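Engineer: Sharing a model that was predicted from the sequence below.
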Amino acid sequence: MNLKTLINELDLFLPSPYSAEEKMVFLNKTISELSRFGGKSEIYRINGNGQKLYPMPQGVEGENTEGVSVNGREYFYKKIYDEGDCFYTFQPDGFLLIEPAPKLGDEIEIYCRALLPFKAISYFESEEEFLNQEIMLDTEFKYLLLYGAMADMSLSMEDTAMSNNLREEFNLLKREALCGRYKKSGGYPKTKISRERR
């Protein structure tokens, strides 16, 4: 799905005085809201170097990561009170800590949902290249992206009623998308009850 297609659909649904680059800014704002669940599944492969710390792939954060494996063995995400032998955690400044440290030449796979924002026109040599840039958004979330962008656009054009209606539709679609994601993964997240210390 490229930027030109999304801008054409925005023009169809909500004609506005904004340029293509301004519309991209509205799309990027919504992309940041969708980045946790809207991206297509990606697998990044890196080679072990005997160390515990590895930089995360560009644009991928802990909240986008679905799992880590070393030589095909799945590691679990370690929370504060979890115990176990093979685990990974996220460190400040975009690093992944893997324990035990992968050996030299081990294949590390990071499973994630990558959803990077569109780049500004200044990154490209032509407007055509700018408009043809792709986004790794699952097609089922296309209208969610459009509704979010249109809600912000109509608010900036001082049409509060339309913005509220579009934002309400966006929130409904987002709820349905999250429910669908939990059903696909086999269940809803579990809530842990923490005991208060006295």
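Structural biologist: Nice, thanks for sending it over. Numbering: from 1, shown residues only.

Engineer: Y88 pairs with what?
Structural biologist: On the basis of DSSP bridges, Y88 is bridged to Y77, I98.

Engineer: Spit out the contact partners of it.
Structural biologist: Applying CB atoms under 8 Å, 6 or more residues apart in numbering to Y88 gives the contacts 68, 75-78, 96-99. No exception for glycine: its C-beta is placed from N, CA and C like everyone else's.

Engineer: Now tell me what touches stretch 158-171 from outside.
Structural biologist: 30, 144, 147-148, 150-152, 154-155.

Engineer: Could you work out the most separated pair of those residues?
Structural biologist: The largest separation in the contacts of stretch 158-171, counting by CB to CB, is between L144 and L155 at 17.2 Å.

Engineer: Where does the prediction get shaky in this structure?
Structural biologist: 36-40, 59, 80-84, 114, 180-198 (pLDDT under 70).

Engineer: which residues of it fall in strands?
Structural biologist: For the chain, strands defined by DSSP state E occupy the ranges 40-47, 53-55, 65-70, 73-77, 87-91, 95-99, 107-114.

Engineer: And the residue nearest the centre of the chain, how far from R113?
Structural biologist: Of all residues in the chain, the one closest to the mean position by CA atoms, centre = their mean is S35, 2.2 Å from it. Look at S35 and R113: by CB to CB, to the nearest Å, they are 8 Å apart.

Engineer: F141 too?
Structural biologist: Distance from F141 to R113, by CB to CB: 11 Å.

Engineer: quick one, which of L144 and L155 is more surrounded?
Structural biologist: L144 (24 against 16; other CB atoms under 10 Å).

Engineer: my guess is that one meets L172, correct?
Structural biologist: No. Using CB atoms under 8 Å, L144 makes no contact with L172, being 9.7 Å away.

Engineer: what are the bridge partners for the closest residue to N64 other than its chain neighbours, then?
Structural biologist: Once flanking residues are discounted, N64 sits nearest to C112: 4.7 Å by CB to CB, 6 or more residues apart in numbering. Beta bridges link C112 to E42, T65, judged by DSSP bridges.

Engineer: ok so, going back, out of the strands of the chain, which is closest to M24?
Structural biologist: Closest approach to M24 among these is made by strand 107-114 (18.4 Å; CB to CB).

Engineer: got the buried residues for the longest helix seen in the chain?
Structural biologist: Longest helix in the chain by number of residues (criterion: DSSP state H): helix 160-184. For helix 160-184, burial by neighbour count (16 or more other CB atoms under 10 Å) applies to 162-163, 166-167, 169-170, 173-174, 177.
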